[in-house]
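**Student:** have a look; sequence and predicted model below, questions after that.
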Amino acid sequence: MPSRTRRSERPDGSRRRRLPMRLLLPLLVLVALMAMLMLRGYVHSEILADHRVRPEAATDKVPEKILDGGPVIDTRSGRTTSLNVPDHRMVLTFDDGPDPTWTPKVLDVLEKHHAHAVFFVTGTMTSRYPDLVKRMVDEGHEVGLHTFNHPDLSYQSEKRIDWELSQTQLAITGAAGIRTSLFRPPYSSFADAMDDRSWPVTEYIGSRGYITVVNNTDSEDWRKPGVAQIIRNATPKGGKGAVVLMHDSGGDRHQTVQALDRFLPDMQAKGYEFDNLTEALDAPSALTPVAGVDLWKGKAWTFLVQASDNVTAVLVVGLAVIGFLVISRFGLMFLLSAIHVRRVRRRGFRWGEPVTEPVSVLVPAYNEAKCIESTVRSLMQSDHPIEVIVIDDGSSDGTARIVEDLALPGVRVVRQLNAGKPAALNRGVANARYDLVVMMDGDTVFEPSTVRELVQPFGDRRVGAVAGNAKVGNKDTLIGAWQHIEYVMGFNLDRRMYDVLRCMPTIPGAVGAFRRTALERVGGMSDDTLAEDTDITMAIHRDGWRVVYAENARAWTEAPESVQQLWSQRYRWSYGTMQAIWKHRGALFDRGPSGRFGRVGLPLVSLFMVLAPLLAPLIDVFLIYGLVFGPTEKTIGAWFGVLAIQAACAVYSFVLDRERLTPLISLPLQQILYRQLMYVVLLQSWITALTGGRLRWQKLRRMGGVSAPPNAPAQSAKVAERRPVG
């Protein structure tokens, strides 16, 4: 049984409700998944990013010695000083990295020419590529902060500035185990470009313990002006010292790398030294080691970022897989359903000689008092000769007595102690008089032609079992309408597809027929799985029989009317299907018909009925991700594209089944709500399977909402004219 909401004792003796594991575990998985995606969106600057850039402002509040000073500005502890790099010493600075493509190339060139530099890294890139920052430090370069996601700090509050600093510092600590006191504001230029908007930020940065480093020589490599021009721009005049601005990220930097490889030896030949900043200023290193809790915080951060990227990469692969499976399934259903329809609806089509021999109809019943009379009376309208055997499986609500009191001709009741549906069906087969056996549920009603249509395929002696067309009878509620769409679109189109491929996985318990010989050869109904109908169908395939679909053999069944009942039913179905696949896995290695089913049927069932539904939530997860992080328009377009494919498939299936299209109005809502429930049910089934859990056969509570096929006159106590047998 599915777990129920648990209660525990409170200190005051009252009971506290606990969330059942079937809800708690999927909820935790969803929360963890969304947290990973949020982290990825944050690190990739898809949220909280601010790309505004302040226009130039007045400079009257900026000290003259700063405007006329050098590129190294120190406002720590109330200072207002600036420094220049000594002559013939050059500090190369690289902004916006690290980049997985260009930063290694820049580092290689620097190592080749024995030069040091300063890399002003962003928190987003450091978090994603921590190994490159570690390499920078290990090779003697200095790193500085360039904020986390590159906003213009003049627009930001002090709280946001602190956040930009601390998050970037955390990333650097996680990557290289150090802290840095160097900072470069985004969109900065020369010291004389400092204005009344940026100067207060520089003062505040100093109060937080950082030295601000701008530049006095701009290579303008971001413009990609050509290698020669980059070299000219980066060359200081008259042997003076310089802080040179370059970039190792933000686009194609091959010109920067090529220019650097020429620039370094040329300038070294002219007596220049390429140092990191503190080396050039003969000052203590700007980098200090971090240990203890702060170090582990940094490492935890980089680990989580790497995990979020890896999880997202896996999810993207999963999304590609589910996209392929969904499109493949719809394509196969369209194509093969059309083939099936053309084959069975062509003029003069026959399975073989018309089947007119009597049929035994088995009705397993356990506490079906609300439905059993309608079920049996619908059989009395049959236009094919039948006997009806109601197998009462230990009912406690008088089900057997109701049938006996009807005193209908050709109807027998067999009683047994409660042993489950498979045992009841086997008992029915043992008591059946005829070779053809129809099985139905105790909450289902047949049309007068259902039995006749269902047994006609047995005119082909190769056919061992026939699947009928199960339909939802109580579709006047929203849940009923959603299940109606599912039955018509999914189950019956699937059966047409599997019929053509000759690997039908399931004879529905509501309406199916078997050749008695086939049942006996495979040992009858088994209780090894919770999906006895899937189990027996696979066994019949493996024994070499054909299993086909009879589209006109319609049966109207009562679908669950509450979420709890729907949950219980689908949990049993999905878990039972997994059990059946596992039980018959040996067919993969068999020869003959069994091997064909194993290598065609089992993979298709596993892909379309187990794997695809398990991965399908990714469509909705990435819908939410796209709506929050973008690109919103493409995300919405892709989701509606998938919905359009599903709608086309649904319309096609409804037209084939001659159903009214009105219920399809609720299809978008079904995709948003109903599908989520099916996800959780399947996830719970997977958890049960992986943990080795066991479930017993579950009985749904019936409401008696289906008393007759649609458009049929209400059943009366008087039995209509029919063809009784025996």
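**Tutor:** Everything's here; your move. Keep in mind that this is a model prediction, so the values were computed, not measured. Numbers count the residues shown, from 1 in each chain.
**Student:** give me phi/psi at residue 363?
**Tutor:** Note on residue 363: backbone dihedrals following degrees, to the nearest 10 are phi -120, psi 90.
**Student:** give me the nearest residue to it, chain neighbours excluded.
**Tutor:** In space, and not counting its chain neighbours, residue 363 is closest to residue 390: 4.7 Å by Cβ to Cβ, 6 or more residues apart in numbering. Every residue, glycine included, has its C-beta placed from N, CA and C.
**Student:** tell me if that neighbour really is in a helix.
**Tutor:** No. Residue 390: not assigned to a helix; according to DSSP: H, G, I helix; E, B strand; the rest coil it is strand.
**Student:** what's the neighbour count on it?
**Tutor:** Using other Cβ atoms under 10 Å, the number of residues around residue 390 comes to 28.
**Student:** averaged pLDDT, the helix or strand containing residue 232. What do you get?
**Tutor:** If you go by DSSP states H and E, residue 232 is part of helix 227-234. Taken as a whole, helix 227-234 carries a mean pLDDT of 96.
**Student:** poorly predicted segments of the protein, please.
**Tutor:** The chain contains residues with pLDDT under 70 at 1-23, 25-26, 45-50, 630, 684, 686-726.
**Student:** excluding chain neighbours, what is closest to the residue positioned nearest the centre of it?
**Tutor:** If you average the C-alpha coordinates of the chain and look for the closest C-alpha using Cα atoms, centre = their mean, you land on residue 618, 2.1 Å from that point. Setting aside the residues directly before and after it, residue 618 is nearest to residue 319 in space (Cβ to Cβ, 6+ apart), at 4.6 Å.
**Student:** hey, which strand is longest across this structure?
**Tutor:** Longest strand in the chain by number of residues, with DSSP state E as the criterion: strand 546-557.
**Student:** what strands flank that strand, and is each parallel or antiparallel?
**Tutor:** Note on strand 546-557: by DSSP bridges, its sheet partners are strand 444-446 (antiparallel), strand 463-472 (parallel).
**Student:** ok, then the element right after the first one?
**Tutor:** In other words, strand 444-446. Using DSSP H and E, the helix or strand that follows strand 444-446 towards the C-terminus is helix 450-455.
**Student:** can you tell me which helices and strands that following helix packs against?
**Tutor:** When contacts are defined as 3 or more Cβ pairs under 8 Å, 6 or more residues apart in numbering; DSSP states H and E, helix 450-455 sits against strand 359-365, strand 436-439, strand 463-472, strand 512-515, strand 546-557.
**Student:** what about 7 Å?
**Tutor:** Packing contacts for helix 450-455, counted by 3 or more Cβ pairs under 7 Å, 6 or more residues apart in numbering; DSSP states H and E, involve strand 359-365, strand 436-439, strand 463-472, strand 546-557.
**Student:** count the neighbours of residue 238 for me.
**Tutor:** Using other Cβ under 10 Å, the number of residues around residue 238 comes to 5.
**Student:** so for residue 51, which of the strands paired with strand 546-557 sits nearest?
**Tutor:** Of all the strands paired with strand 546-557, the one in closest proximity to residue 51, counting by Cβ to Cβ, is strand 463-472 (52.2 Å).
**Student:** list the buried ones in the closest one?
**Tutor:** When burial is assessed from 16 or more other Cβ atoms under 10 Å, strand 463-472 yields the following buried residues: 463-472.
**Student:** next one: stretch 606-614
**Tutor:** Applying a neighbour-count criterion of 16+ other Cβ under 10 Å, the buried positions in stretch 606-614 are 606, 608-614.
**Student:** need the CA coordinates for that stretch. CSV is fine.
**Tutor:** Extracted in CSV, the C-alpha atoms of stretch 606-614 (Å, rounded to 0.1, in the frame of the first residue of the first chain):
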residue,chain,number,x,y,z
SER,A,606,11.1,0.6,-21.0
LEU,A,607,11.8,3.8,-23.1
PHE,A,608,8.2,5.0,-23.5
MET,A,609,6.5,3.8,-20.3
VAL,A,610,9.3,4.0,-17.8
LEU,A,611,12.2,6.2,-18.9
ALA,A,612,10.3,8.9,-20.8
PRO,A,613,7.8,9.6,-18.0
LEU,A,614,10.7,9.7,-15.5
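**Student:** what is the neighbour count of the residue nearest to residue 618?
**Tutor:** When counting by other Cβ under 10 Å, one arrives at 17 neighbours for residue 319.
**Student:** from residue 259, how far off is it?
**Tutor:** As defined by Cβ to Cβ, to the nearest Å, residue 319 lies at a distance of 41 Å from residue 259.
**Student:** just residue 636 next, same as before
**Tutor:** Computed as Cβ to Cβ, the residue 636 to residue 259 distance reads 44 Å.
**Student:** could you do residue 610 as well?
**Tutor:** For residue 610, the distance to residue 259 (Cβ to Cβ) stands at 56 Å.
**Student:** re earlier: export the buried residues of stretch 606-614 as TSV, with columns for secondary structure and distance to residue 43.
**Tutor:** Putting the buried residues of stretch 606-614 into TSV (DSSP: H, G, I helix; E, B strand; the rest coil; distance: Cβ to Cβ, whole Å) gives the following:
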residue	secondary structure	distance to residue 43
606	helix	36
608	helix	36
609	helix	37
610	helix	34
611	helix	30
612	helix	31
613	helix	31
614	helix	27
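**Student:** tell me who's in contact with residue 677.
**Tutor:** Residue 677 sits next to residue 563 when contact means Cβ atoms under 7 Å, 6 or more residues apart in numbering.
**Student:** same thing but at 10 Å, please
**Tutor:** Going by Cβ atoms under 10 Å, 6 or more residues apart in numbering, residue 677 touches 479, 482, 563, 566-567, 570.
**Student:** ok, the residue nearest to residue 186 when sequence neighbours are not counted - how many residues close by?
**Tutor:** Using Cβ to Cβ, 6+ apart and skipping the chain neighbours, the partner closest in space to residue 186 is residue 150 (4.7 Å). Taking other Cβ under 10 Å as the criterion, the count of residues near residue 150 is 22.
**Student:** one more: the one 3 residues further on?
**Tutor:** Residue neighbour count, defined by other Cβ under 10 Å, stands at 27 for residue 153.
**Student:** so it makes contact with residue 54?
**Tutor:** Yes. Proximity of residue 153 to residue 54 meets the contact threshold set by Cβ atoms under 10 Å, at 9.3 Å.
**Student:** what sits in contact with each of the two?
**Tutor:** Taking Cβ under 10 Å, 6+ apart as the contact definition, residue 153 and residue 54 share the neighbouring residues 187, 197-198.
**Student:** inside helices: which ones of those residues?
**Tutor:** Within these, membership in helices is found for residue 198, as judged by DSSP state H.
**Student:** most neighbours of all the shared contacts of residue 153 and residue 54, which one?
**Tutor:** Neighbour counts for the shared contacts of residue 153 and residue 54 were taken using other Cβ under 10 Å; the highest belongs to residue 198, which has 24 neighbours.
**Student:** wait, it touches residue 55, no?
**Tutor:** No. With contacts defined as Cβ under 10 Å, residue 198 does not count as touching residue 55, sitting 11.6 Å away.
**Student:** didn't the residue nearest to residue 186 look like it was pressed against residue 188?
**Tutor:** No. Taking contacts as Cβ under 10 Å, residue 150 lies outside contact range of residue 188: 11.4 Å.
**Student:** which neighbours do the two share?
**Tutor:** residue 95.
**Student:** so what's residue 609 closest to, chain neighbours aside?
**Tutor:** Leaving aside its sequence neighbours, residue 609 sits nearest to residue 577 (Cβ to Cβ, 6+ apart; 5.9 Å).
**Student:** how near is that neighbour to residue 567?
**Tutor:** Separation of residue 577 from residue 567 (Cβ to Cβ): 16 Å.
**Student:** and these two? Which one has more around it.
**Tutor:** Set side by side, residue 577 and residue 567 give different neighbour counts by other Cβ under 10 Å, the larger being at residue 577 (24 against 19).
**Student:** got the phi/psi numbers for residue 144?
**Tutor:** Backbone torsions for residue 144, taken as degrees, to the nearest 10, come to phi -130, psi 170.
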